[in-house]
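> Quick one, fold the following:
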Amino acid sequence: MRGRDGRAGGRAWAALGLLAALSPFPAPAASPPDPLGSVLWDAAREQYLGDGPLVFDDRVKVTAPSNAEDTRAVPIAVDARSLPGVTELVAIADMNPFPLVLRMRVSGAVPYVATRIKIQQATAVHGAARTADGVWHVSGTLVDAAGGGCSAPPLSYAQSDWADHVGEVQARVWPPDADGVARLRLRIRHPNDTGLVPGIPAFFVETLSVHAENGPELARIDSLEPVSENPVFTLDLRPPPGTAALTLKGRDTQGGAIAARVPVPVSTVQRPGQ
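Next up is the predicted model:
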C-alpha cells in the first residue's frame, strides 16, 4: 500500500481507522488480564464465552487439587452460589487438547456443579458464570499434573462385558433442606473416550438433563471430552414441593440413550413459613 512518496499507505490506514470509528457495530469488549496468567486464556475466552462483557469475580469459586494424583480423574467444582441471577455455568481446562469441559444451564438448580476431568498437562482451570444481564463472571485455579490424562485409553475397555453396561446410571438424591435444595449425585457407566488414542474413535456422554418427574427441566449439562470415564456429577437442585422423583435423560455421541428415575426422599426439615 506504499505510494511513490510513502504517504499513500498512511492515508489508507487513516481511512480505515475513520471507517472503524464510524461503524455502527461496537468493537469487541477488551478482555481483562487473567489473574492466573494462562497463555491460552484469551483464545479460550473468545471461543467459548464470546466477546461479551467479562469480569474476574471472587464470588465464583473454582476448586481443584493443586497437584493431580490421577490425571484421568481430577475432581473439580464450579460454585457461583454467592452470585445472584446466574443462568449458565462453564468449565474450561485451558491447556487440554479439548479445553471446554462442560456447559450447564441453570433453570431450577443452584449454580453449582462438581465432576471429575482428565488433564493432559499442568493447566489453569477456569469457571465462568453468566448472569441474566449477559455478563460473564470468571475465576479459576491452577492444577499441576504429570500429564497424559486425555490420551490414556479408558480402563473400561479391559473388561470383556463393558459394552453391556454402557449408559447404566447410579444416582442418589438427598432430602431437600430448609431452602428446598436437594443434592443429586450420579454416576454413568461409560468409557468417555476422547478419541486421542489411535484407532479408537471419540465416544462420550454429550448431554444430560434433569427434570422433576412430570415437571420442568431443572438443569441441563452439555458434557465434553475432558469429563472422566464413568462420569460423576454433583448438582444442587430446587425441585417443586412434593416432587416424588427426578428423571434423568441424556445421550452419548453414538446416539446411545441414558435414562433413570431417582426417588426424592421426603424432607423432614421445616421450611420457613410452614
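> Check which helix or strand the most centrally placed residue in the chain maps to.
In the chain, the centroid-proximal residue (CA atoms, centre = their mean) is Leu102; its distance is 2.6 Å. Taking DSSP states H and E as the criterion, Leu102 maps to strand 100-106.
> what's the helix or strand just after that strand in contact with?
For strand 100-106, the succeeding helix or strand toward the C-terminus, using DSSP H and E, is strand 109-117. Contact with strand 109-117 is made by 73-81, 83, 86, 89, 91, 93, 101-102, 104, 125, 129, 181, 210, 218-219, 221, 226-228, 231-238, as judged by CB atoms under 8 Å, 6 or more residues apart in numbering. The way it works is simple: take the backbone N, C-alpha and C, and place the C-beta from them, glycine included.
> related to what we said a few turns ago, and the strand holding Leu102, what does it pack onto?
helix 41-49, strand 86-93, strand 109-117, strand 217-223 (3 or more CB pairs under 8 Å, 6 or more residues apart in numbering; DSSP states H and E).
> in the second one, what counts as buried?
Of the residues in strand 86-93, those with enough neighbours to count as buried (16 or more other CB atoms under 10 Å) are 86, 88-93.
> if we can go back for a sec, for the strand holding Leu102, which strands pair with it and how are they oriented?
strand 86-93 (antiparallel), strand 217-223 (antiparallel) (DSSP bridges).
> From the chain's centroid, how far away is it?
3 Å (CA atoms, centre = their mean, to the nearest Å).
> Show me where the stretch 151-274 of the chain has its strands.
Along the stretch 151-274 of the chain, counting by DSSP state E, counting those that start in this stretch, strands occupy 169-173, 182-188, 205-212, 217-223, 232-237, 245-252, 257-263.
> circling back to that earlier point, quick check: bridge partners of the residue nearest to the centre of the chain?
Beta-bridge partners of Leu102, as defined by DSSP bridges: Ala91, Ser223.
> Look up how far His137 lies from it.
Going from Leu102 to His137 by CB to CB, to the nearest Å gives 17 Å.
> quick revisit: quick one: closest of the strands of the stretch 151-274 of the chain to Pro53.
Ranking the strands of the stretch 151-274 of the chain by proximity to Pro53 (CB to CB) places strand 217-223 first, at 22.4 Å.
> Now the strand holding Leu102: buried residues?
Buried, per 16+ other CB under 10 Å, within strand 100-106: 100-106.
> Quick one: work out the angle between it and helix 41-49.
Counting by axes from the mean of the first three to the mean of the last three CA atoms, to 10 degrees, strand 100-106 lies at 40 degrees to helix 41-49.
> how about the CA coordinates for strand 100-106, as PDB?
Taking Å, rounded to 0.1, in the frame of the first residue of the first chain, the C-alpha atoms of strand 100-106 are listed here in PDB:
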ATOM      1  CA  LEU A 100     -14.200 -27.000  27.100                       C
ATOM      2  CA  VAL A 101     -15.200 -29.300  29.900                       C
ATOM      3  CA  LEU A 102     -18.900 -28.600  30.200                       C
ATOM      4  CA  ARG A 103     -21.800 -26.100  30.000                       C
ATOM      5  CA  MET A 104     -24.600 -26.200  32.500                       C
ATOM      6  CA  ARG A 105     -27.900 -24.400  32.000                       C
ATOM      7  CA  VAL A 106     -29.300 -23.300  35.400                       C
END
